[in-house]
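Q: Sequence first, predicted coordinates after that:
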Amino acid sequence: MNKYIENKKLLLFFSKLALVVDSDISIYEGLGFALEKEKDERLASYYRAIMDRSLEGESLSAIVEDLDFIENKRYIKLLELGEYTGSLETVINDIIEDLEMEISVSERVKSAVNYPSMLFYLTLVIIYIIMLKVVPMFKNIIVYNNVEVTRSTYTVFAISDFLILTLR
């Protein structure tokens with residue numbers, strides 16, 4: 001299991017944290033509400049730890065840094081800056097925007113990588129169909145009409161025959 005939580009769950013974490021900070025309730029109370037509905041046990045354990053340690057007076061950034069579940073340490077430094085300047089709400093919303101952009105770019109990259117591989121496999125399927133179905137039909141027509149074929153045509157017929165014998 002990866003030490004750090006994935007960006008989609010991190011986005012969920014910061015979104016809930018933004019709701020808590022936007023409201024006029026304490027982090028303890030707000031995360032308590034979030035904890036009640038949290039299905040992911042790992043996130044729930046982080047909520048519990050933050051709740052318990054916030055009661056002891058620790059800063060949010062120090063707790064999150066100590067729990068070490070966020071890979072991008074810049075987010076922790078931004079939390080610290082937000083606490084120091086009193087603009088935690090703005091900083092959390094900036095982190096959310098950054099995470100949304102990062103997730104979007106990541107999904108576009110995955111999509112861009114998947115497209116050529118899908119084309120490759122589709123091409124293999126088409127070649128398979130041609131070599132097992134179409135080429136044998138042409139071979140029968142050419143043999144029936146006693147037509148002389150070029151060396152390359154003969155090679156294609158041989159490959160088709162080989163595939164028919166080995167793949168069927």
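A: That came through, no problem.

Q: Looking at the record's assignment, how would you partition the chain?
A: By the record's domain assignment, the chain is partitioned as 7-111, 114-167 (automatic domain parsing).

Q: gap between residue 126 and residue 115?
A: 16 Å (CB to CB, to the nearest Å). (C-beta placed from N, C-alpha, C; glycine too.)

Q: rewinding a little: out of the domains of the chain, which one sits most buried?
A: domain 7-111 (a mean of 16; mean count of other CB atoms under 10 Å).

Q: so what's the residue of the chain positioned farthest from its centre up against?
A: No residue in the chain sits farther from the centre than residue 146, which is 57.5 Å out by CA atoms, centre = their mean. Applying CB atoms under 8 Å, 6 or more residues apart in numbering to residue 146 gives no contacts.

Q: Assign a three-state SS to it, would you?
A: Of the three states, residue 146 takes coil under DSSP: H, G, I helix; E, B strand; the rest coil.

Q: And the least confident helix or strand in the chain by mean pLDDT, what does it pack against?
A: Sorting the helices and strands of the chain by mean pLDDT, DSSP states H and E puts helix 27-37 at the bottom, at a mean of 87. Contact here means 3 or more CB pairs under 8 Å, 6 or more residues apart in numbering; DSSP states H and E; on that basis helix 27-37 packs against helix 7-22, helix 41-55.

Q: angle of that helix against helix 41-55?
A: Following axes from the mean of the first three to the mean of the last three CA atoms, to 10 degrees, one obtains 160 degrees for the angle between helix 27-37 and helix 41-55.

Q: hmm, who's touching helix 27-37?
A: Residues outside helix 27-37 that contact it (CB under 8 Å, 6+ apart): 16-17, 19-21, 23, 44, 47-48, 50-51, 54-55, 60.

Q: try 6 Å
A: 16, 20, 44, 47, 50, 51, 54, 55 (CB atoms under 6 Å, 6 or more residues apart in numbering).

Q: I figured the fifth one hits residue 61, correct?
A: No - using CB atoms under 6 Å, residue 50 makes no contact with residue 61, being 10.9 Å away.

Q: Now for the two: what residues contact both?
A: Joint contacts of residue 50 and residue 61 (CB under 6 Å, 6+ apart) do not exist.

Q: How is the spatially most central residue of the chain assigned, secondary-structure-wise?
A: Nearest to the mean C-alpha position of the chain, by CA atoms, centre = their mean, lies residue 107 at 6.0 Å. Following three-state DSSP, residue 107 is assigned to helix.

Q: So for it, what's the pLDDT?
A: pLDDT, residue 107: 92.
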